[in-house]
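Enquirer: sequence first, then the predicted structure:
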Amino acid sequence: MDTFSLLFSAPSPKVEKTIEVNLEDLEQFFNTMDPSPFHEKDLDHDLEEFIVSWATEYSLHDPLRLVVYLQNRPAGTDAQSVIERAVHNYFAYRTGLNQREFKQLLREGRISLLIGLLFLTVCLSGGQMASRLDIPGANIVETSLTIAGWVAMWHPMDVFLYGWWPLRRAGKVYRKLSAIPVQVRYSAVPREASKFLVHSGV
């Protein structure tokens with residue numbers, strides 16, 4: 001193979017990342033306090049944190065799959081369909097909540113920015129006025145007002161520089177999980193002593 005071919009060869013396919021969950025019964029997958037039907041139930045809180053934390057660890061561009069191992073096969077219930085529908089519905093719901101939270105954060109940031117700019121303008125104007133009046137301690141007053149004005153800008157700057165992107169990434173993770181392929185396997189013998197097991201690979 002020549003140098004040109006090496007430089008422009010197709011990239012290797014990404015390795016699928018697999019999150020594995022090991023449970024005894026189907027009911028462990030859900031919040032037992034939620035009286036809704038299975039496909040509308042909230043997921044178990046610890047299970048949700050487990051899935052989201054590992055999905056966040058991986059690149060958003062990596063293919064992702066959820067494999068659920070059940071020790072006890074539920075009678076008269078298609079666990080594959082129930083779990084897949086529940087996972088997709090739940091994370092679609094979390095995606096919607098995240099989008100509303102993101103819009104609220106930006107709205108709060110815009111309002112805070114307007115208030116901060118107005119307050120900064122008042123402080124700078126007051127500092128300049130104090131320096132022109134040449135009163136005792138004018139430099140201290142001017143410096144104090146300048147600092148106070150810029151401190152008022154801290155919150156909007158925090159929102160627009162740092163606050164928005166973790167929320168945005170979380171929304172992308174939820175959106176990815178709302179369409180994640182789900183596979184249910186049955187294992188009579190527990191695979192691990194712990195409730196949850198994660199595995200990266202094919």
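Expert: Looks like it came in fine. Residues are numbered from 1 along each chain as shown.
Enquirer: helices of this structure, start to end?
Expert: 3-7, 45-57, 79-133, 138-151, 154-158, 164-177 (DSSP state H).
Enquirer: between those, which gets nearest to residue 185?
Expert: When the helices of the chain are compared by Cβ to Cβ, helix 79-133 sits nearest residue 185, at 9.5 Å. Just so you know, the C-beta spots here come from the backbone N, C-alpha and C atoms, and that holds for glycine as well.
Enquirer: so what secondary structure elements neighbour that closest one?
Expert: strand 64-70, helix 138-151, helix 154-158, helix 164-177, strand 182-186 (3 or more Cβ pairs under 8 Å, 6 or more residues apart in numbering; DSSP states H and E).
Enquirer: what pairs with the first one, parallel or antiparallel?
Expert: So the one you mean is strand 64-70. strand 17-23 (parallel), strand 182-186 (parallel) (DSSP bridges).
Enquirer: what sits up against that strand?
Expert: Outside strand 64-70, the residues that touch it by Cβ atoms under 8 Å, 6 or more residues apart in numbering are 16-26, 29, 51, 55, 58, 79, 83, 87, 176-177, 180-187, 191, 197.
Enquirer: can you check the third one too?
Expert: Applying Cβ under 8 Å, 6+ apart, the contact partners of helix 154-158 are 109, 110, 112, 113, 116.
Enquirer: okay, the helices of the chain in JSON lines with mean pLDDT, mean neighbour count and distance to residue 69 next?
Expert: Listed next are the helices of the chain as JSON lines, based on pLDDT from 0 to 100; neighbours: other Cβ atoms under 10 Å; distance: least, Cβ to Cβ, whole Å:
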{"stretch": "helix 3-7", "mean pLDDT": "48", "mean neighbour count": "8", "distance to residue 69": "42"}
{"stretch": "helix 45-57", "mean pLDDT": "92", "mean neighbour count": "16", "distance to residue 69": "13"}
{"stretch": "helix 79-133", "mean pLDDT": "91", "mean neighbour count": "16", "distance to residue 69": "11"}
{"stretch": "helix 138-151", "mean pLDDT": "86", "mean neighbour count": "15", "distance to residue 69": "54"}
{"stretch": "helix 154-158", "mean pLDDT": "92", "mean neighbour count": "15", "distance to residue 69": "43"}
{"stretch": "helix 164-177", "mean pLDDT": "94", "mean neighbour count": "16", "distance to residue 69": "19"}
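Enquirer: to residue 71, which of these lies closest?
Expert: Per Cβ to Cβ, nearest to residue 71 of these: helix 79-133, 11.7 Å.
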